[in-house]
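Novice: what follows is a predicted protein model with its sequence.
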Amino acid sequence: MSGNETADEGGDGRKKALDADLSQRLKRLETQIERKRPSAPPDHSSRPGSAAGPSPLGQAMRLSTEFIAGVLAGGILGWMFDHYLGTKPWGLIVLLMLGFVTGVYNVMRVSGSLPRASTKEEDR
């Protein structure tokens with residue numbers, strides 16, 4: 001059995017030599033890949049082009065929501081005003097018109113058509 005033991009020891013030594021050689025080749029390959037790989041700038045956004053602003057669809061949804069919210073708020077407040085004070089239909093008409101004007105104002109404000117109002121902090 002002494003012959004088998006020496007054969008196993010010799011095979012184990014070859015295996016270690018092959019593992020060491022493979023590790024060295026792997027390290028060389030990794031360094032070569034790192035040298036050739038261009039350095040990527042850090043990506044701060046999850047979407048490409050998100051620095052340019054919201055997408056056109058997102059902006060359209062926001063504008064329509066701003067307008068509809070103004071009209072609905074005016075209509076609901078006008079209906080409640082008429083219901084509790086008994087001024088049908090004048091409260092609904094007046095506040096619905098006011099809601100329409102508010103909706104148009106919000107759309108213009110969000111779209112950037114109106115200049116931003118300066119605040120005391122911006123004047124400094």
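Specialist: Received, thanks. Numbering: from 1, shown residues only.

Novice: what stretches of this structure score poorly on pLDDT?
Specialist: Applying pLDDT under 70 to the chain flags residues 1-11, 41-52, 121-124.

Novice: ok, longest helix in it?
Specialist: When the chain is parsed with DSSP state H, its longest helix is helix 2-36.

Novice: show me what the next helix or strand after that helix is packed against.
Specialist: Later in the chain than helix 2-36, the nearest helix or strand by DSSP states H and E is helix 56-85. With contacts defined as 3 or more C-beta pairs under 8 Å, 6 or more residues apart in numbering; DSSP states H and E, the packing partners of helix 56-85 are helix 90-111. No exception for glycine: its C-beta is placed from N, CA and C like everyone else's.

Novice: quick one, the helix it packs on and helix 56-85 angle?
Specialist: 160 degrees (axes from the mean of the first three to the mean of the last three C-alpha atoms, to 10 degrees).

Novice: just the CA atoms of helix 90-111, as PDB, please.
Specialist: The C-alpha coordinates for helix 90-111 follow below in PDB (Å, rounded to 0.1, in the frame of the first residue of the first chain):
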ATOM      1  CA  TRP A  90     -75.400  80.900  -7.700                       C
ATOM      2  CA  GLY A  91     -72.800  79.400  -5.300                       C
ATOM      3  CA  LEU A  92     -72.100  76.600  -7.700                       C
ATOM      4  CA  ILE A  93     -71.800  78.900 -10.700                       C
ATOM      5  CA  VAL A  94     -69.600  81.400  -9.100                       C
ATOM      6  CA  LEU A  95     -67.300  78.900  -7.400                       C
ATOM      7  CA  LEU A  96     -67.100  76.700 -10.500                       C
ATOM      8  CA  MET A  97     -65.900  79.700 -12.500                       C
ATOM      9  CA  LEU A  98     -63.500  80.500  -9.800                       C
ATOM     10  CA  GLY A  99     -62.200  76.900  -9.900                       C
ATOM     11  CA  PHE A 100     -61.800  77.200 -13.700                       C
ATOM     12  CA  VAL A 101     -59.800  80.400 -13.300                       C
ATOM     13  CA  THR A 102     -57.700  78.700 -10.600                       C
ATOM     14  CA  GLY A 103     -57.100  75.700 -12.800                       C
ATOM     15  CA  VAL A 104     -55.900  77.800 -15.700                       C
ATOM     16  CA  TYR A 105     -53.600  79.800 -13.300                       C
ATOM     17  CA  ASN A 106     -52.100  76.500 -11.900                       C
ATOM     18  CA  VAL A 107     -51.500  75.200 -15.400                       C
ATOM     19  CA  MET A 108     -49.800  78.400 -16.400                       C
ATOM     20  CA  ARG A 109     -47.700  78.400 -13.200                       C
ATOM     21  CA  VAL A 110     -46.600  74.800 -13.600                       C
ATOM     22  CA  SER A 111     -45.800  75.200 -17.300                       C
END
